[in-house]
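Asks: Pasting a predicted model and its sequence here:
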Amino acid sequence: MNSRIKTSYAFEDVLLTPQYSNIKSRSEIILGQNLIRDNLRVEFPVISSPMDTVTESKMIKTMAGFGGIGIAHRYCSIEDQCKMISIESMPKNYNAGAAVGVTGDYLERSQALLHAGFNILCIDVAHGHHDLTGTALDRLRRSLGDDVHIMAGNVATPEGLRYLADRGANTIRVGIGGGSICSTRIQTGHGIPTLQSVVDCFPIAESLGVDIVADGGIQNSGDIVKALAAGASLVMLGSLLSGTDDTPGNLIQQSTGAFKEYRGMASAKAQREWRGKVGSREGVVSLVPYKGTTQGILEDLEAGIRSGLSYSGSRTLCELSAKASFILQTPAGQKESNTHVYSKGLRSE
Ligand code: IMP
């Protein structure tokens, strides 16, 4: 193998080795955790993406009620984004995040969002290992002080993670080019499979005392368990939460059923709507089948995650990442891993 080319693994390439367990009931498993840098308590390790077809007020409330975090998208006026939270309707001890960019009104926007009741700010850009992100993070830290939880990203490498951790980010979104609606890798040739980025970043994140949010390409609860086992403290979901009742947008009725739109924020359509012009098209627009309640999807994910920890004999997320052992699958193993009903029987007539 040419030493200039490294091998890199995606969720579907790997499986976790089942391990001895003495967990008698899935209720013994604790999915809550305190994040490292600021001790923020999160009961369920799932975050909804700051996208205009995923997270506005309804998603923020449901995610908070379930113990996770919803991040309000930033593709609107400061006033409209602030309206995405209504403190009176939120549960006790909630977490709710709001996204900001790295140019223009981000300082003023951040102050307004914190004032409105959000407790997490998310510096939300496609390429977080960038001077503009570093500058914005420095300025936000200086103006807001150390107590505000700042999530920043996205990055794909340990160098990128260190760049944001050194400037005071508490949690860092890891994953470039893996999103289901993302065409960054096709358009620019850049990216790293999200699982590999998490594996690469974990030792540095641990030594710097920051938490990783695995973001992009998570297709099922098995991928969530793999991301958490690889060292992420939290996962961010777009596709898995798209098409549910709490996402913005109307139902679209077609002869084959009801659908909702789910689109990349860098798709031509989204760019045209939020900034009136189109730059590099790094996302696509899709219609996803209507999936019913967000609550129902979150309950299914939770059942899968709890079961996943049980297969690893782990009662906590910390134990899971400490004990996890991955194997690499061959193509035949991958085929066996997907549900497969034999169509060819042994009888030949
Ligand atoms: P998914 O869960 O695989 O659908 O990925 C969602 C993630 O894709 C988001 O959390 C963002 O990090 C990322 N993303 C959102 N919009 C775009 C886009 O237009 N291009 C590339 N990545 C995107």
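Replies: Received the coordinates, thanks.

Asks: quick one: contacts of the helix or strand harbouring residue 62?
Replies: Using DSSP states H and E, residue 62 maps to helix 57-66. If you take CB atoms under 8 Å, 6 or more residues apart in numbering as the criterion, helix 57-66 is touched by 43-44, 46-48, 55, 69-70, 72, 83-86, 89-91, 94-96, 241, 245-248, 294-295, 298, 302. From N, CA and C alone the C-beta is placed, and that goes for glycine too.

Asks: try stretch 232-239
Replies: If you take CB under 8 Å, 6+ apart as the criterion, stretch 232-239 is touched by 33, 35-36, 42, 45-49, 51, 54, 69, 71, 171, 173-175, 179-181, 198, 202, 211-216, 218-219, 224, 227-228, 262, 288, 317.

Asks: Could you give the separation of the helix holding residue 62 from the chain centroid?
Replies: Computed by CA atoms, centre = their mean, to the nearest Å, the chain-centroid distance of helix 57-66 equals 15 Å.

Asks: Could you export that helix as PDB, CA atoms only?
Replies: The C-alpha coordinates for helix 57-66 follow below in PDB (Å, rounded to 0.1, in the frame of the first residue of the first chain):
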ATOM      1  CA  SER A  57     -39.400  24.700  18.300                       C
ATOM      2  CA  LYS A  58     -41.200  21.300  18.300                       C
ATOM      3  CA  MET A  59     -38.100  19.300  17.900                       C
ATOM      4  CA  ILE A  60     -36.300  21.300  20.500                       C
ATOM      5  CA  LYS A  61     -39.000  20.600  23.000                       C
ATOM      6  CA  THR A  62     -39.300  16.900  22.200                       C
ATOM      7  CA  MET A  63     -35.500  16.400  22.300                       C
ATOM      8  CA  ALA A  64     -35.300  18.200  25.700                       C
ATOM      9  CA  GLY A  65     -38.200  16.100  27.100                       C
ATOM     10  CA  PHE A  66     -36.400  12.900  26.100                       C
END
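
Asks: Show the subsequent helix or strand relative to that helix.
Replies: Next element after helix 57-66 (DSSP H and E): strand 69-72.

Asks: That next one and the ligand in contact?
Replies: No. For a cut-off given as CB under 6 Å from any ligand atom, strand 69-72 has no contacts with the ligand; the smallest distance is 8.7 Å.

Asks: Where do the helices of the stretch 101-250 of the chain begin and end?
Replies: 106-116, 131-144, 158-166, 184-188, 194-208, 221-230 (DSSP state H, counting those that start in this stretch).

Asks: For stretch 321-338, what is the spacing between the initial and final residues?
Replies: When the termini of stretch 321-338 are compared using CA to CA, to the nearest Å, they are 24 Å apart.

Asks: list the buried ones in that stretch?
Replies: 321, 323-324, 326, 329 (16 or more other CB atoms under 10 Å).

Asks: can I get those residues in TSV with secondary structure and distance to residue 280?
Replies: Compiled in TSV, the buried residues of stretch 321-338 are given as follows (DSSP: H, G, I helix; E, B strand; the rest coil; distance: CB to CB, whole Å):
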residue	secondary structure	distance to residue 280
321	helix	35
323	helix	42
324	coil	36
326	strand	34
329	coil	34
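
Asks: Now pLDDT and distance to the ligand too, for the residues you listed, in a markdown table please.
Replies: Formatted as a markdown table, these follow (pLDDT from 0 to 100; distance: CB to the nearest ligand atom, whole Å):
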| residue | pLDDT | distance to the ligand |
| --- | --- | --- |
| 321 | 97 | 21 |
| 323 | 96 | 26 |
| 324 | 97 | 22 |
| 326 | 98 | 20 |
| 329 | 97 | 20 |
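
Asks: hey, which helix is longest across the protein?
Replies: The residue-count maximum for a helix in the chain (DSSP state H) belongs to helix 294-311.

Asks: so, in contact with the ligand or not, that helix?
Replies: No. Shown here: helix 294-311 not in contact with the ligand (CB under 6 Å from any ligand atom), separated by at least 12.2 Å.

Asks: With stretch 82-97 instead?
Replies: No. Stretch 82-97 does not reach the ligand (CB under 6 Å from any ligand atom); its nearest approach is 12.0 Å.

Asks: Report the separation between the two terminal residues of stretch 154-162.
Replies: End-to-end distance of stretch 154-162: 12 Å, with CA to CA as the criterion.

Asks: just stretch 66-73 next, same as before
Replies: One end of stretch 66-73 sits 19 Å from the other (CA to CA).

Asks: how far out from the middle of the chain is that stretch?
Replies: 10 Å.

Asks: same deal with stretch 9-18?
Replies: 18 Å.

Asks: outside of it, which residues touch it?
Replies: Contacts of stretch 9-18 (CB under 8 Å, 6+ apart): 178, 193-196, 199, 217-219, 222-223, 225-227, 229, 308, 311-312, 324-329, 333-334, 337.

Asks: same thing but at 7 Å, please
Replies: In this structure, residues lying in contact with stretch 9-18 by CB atoms under 7 Å, 6 or more residues apart in numbering are 193, 195-196, 217, 223, 225-226, 229, 311-312, 324-329, 334, 337.

Asks: Please consider this matter closed, and thank you.
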